[in-house]
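# my questions are about this predicted structure, shown below with the sequence.
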Amino acid sequence: MRRALADAGVAEFPPAQAALQIGQAKARLLPPTDYRALRDSDQMRAIAAAWERYERYLAQSDALEFDDLIGRAVMLLGAPDLGGLYRGRWQAVLIDEYQDTNPAQYEWVKRLVEEHRNLSVVADNDQAIYRFRGAEVQNVLEFEPDFADPRVIRARRCRR
């Protein structure tokens, strides 16, 4: 990341902060070119350019980041030949801590279960703690409209 920032002319920008911003964009399945179009300052556009360089460095090293794993899985499930193969591999999917999913993870799950629609999630929107990583509690709040005819079982709160 340091090298990519230096190559883009923003060597003074903290690499960890650039990586966080890039990770948040990847969590929304934004490619570098779309990210660049959304930025409104020269420095942010330079970070977008650094991201493009960083992606080239990763490719040259045959490397992926964690956020890339989800994005690539979404792409695979969208491919006509591979998507059906993987969607047919599991008859049921269970996700715990669903309130901590980000948009990329949501899209991955949606594609994975689109044929059998056999999805169980455990979530508590009062415990959403990973917003800094791109998690969106909206995934829980919109679960019922997004997944047709779900059976929702709500746990009662214990009172002492």
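Yes, it's here.
# how about residues contacting the helix ranked longest in the chain?
Longest helix of the chain, by residue count under DSSP state H: helix 42-60. Contact partners of helix 42-60, identified using CB atoms under 8 Å, 6 or more residues apart in numbering, comprise 1, 3-5, 7-10, 13, 18, 21-22, 25, 32-33, 35-36, 39, 64-65, 68. Every C-beta, even on glycine, is put in place using the N, C-alpha and C of the backbone.
# what's the separation between residue 9 and residue 106?
Residue 9 is 35 Å from residue 106, where distance means CB to CB, to the nearest Å.
# how about residue 65?
According to CB to CB, residue 65 stands 19 Å off from residue 106.
# and those two? Which one has more around it.
residue 106 (23 against 15; other CB atoms under 10 Å).
# verify the stated contact: the more buried one with residue 137.
No: using CB atoms under 8 Å as the test, residue 106 is too far from residue 137 to be in contact (11.4 Å).
# report the distance from the longest helix of the chain to the chain centre.
19 Å (CA atoms, centre = their mean, to the nearest Å).
# immediately after that helix, which helix or strand?
The helix or strand immediately downstream of helix 42-60 is helix 66-78, counting by DSSP states H and E.
# how far out from the middle of the chain is that next one?
Here helix 66-78 is found 9 Å from its chain centre; the criterion is CA atoms, centre = their mean.
# in that helix, what's buried?
Buried residues in helix 66-78, counting neighbours by 16 or more other CB atoms under 10 Å, are found at 67, 70-71, 73-74, 77.
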